[in-house]
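Engineer: Let me see the structure of the following:
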Amino acid sequence: MPTQNPRINITVDESIAKLLASLADQEHTSVSNITKELVLEALERREDMALSAIANIRDTKKAKRIKHNDVWK
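Structural biologist: As a prediction, the model looks like this:
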């Protein structure tokens, strides 16, 4: 059954292909699946870095403080 998800083709060096194949073999999964997991991890890491940068800008002594319970009302 064909997938409804979009496909993305990438070209990697042979050394990276071997590493991906080795990881996939260790985790008993496909190279596609291990690559997808690694891409998701990288995207989450970038998102965390971006949000941390925003938090660092906002985290000043003069910043307005809001109590936890007030935020979730």
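
Engineer: hmm, what's the outermost residue in this protein?
Structural biologist: Ranked by distance from the centre of the chain (C-alpha atoms, centre = their mean), the top residue is Lys62, with 32.5 Å.

Engineer: Could I get the pLDDT score of that residue?
Structural biologist: Reported pLDDT at Lys62 in the predicted model: 84.

Engineer: quick one: what helix or strand has it in it?
Structural biologist: Lys62 belongs to no helix or strand when assigned by DSSP states H and E.

Engineer: separation between it and Ile54?
Structural biologist: Lys62 is 17 Å from Ile54, where distance means C-beta to C-beta, to the nearest Å. From N, CA and C alone the C-beta is placed, and that goes for glycine too.

Engineer: For the worst-scoring helix or strand of the chain on mean pLDDT, buried residues please.
Structural biologist: Ranking every helix and strand in the chain by mean pLDDT, DSSP states H and E puts helix 68-71 at the bottom, with a mean of 90. By 16 or more other C-beta atoms under 10 Å, helix 68-71 has no buried positions at all.
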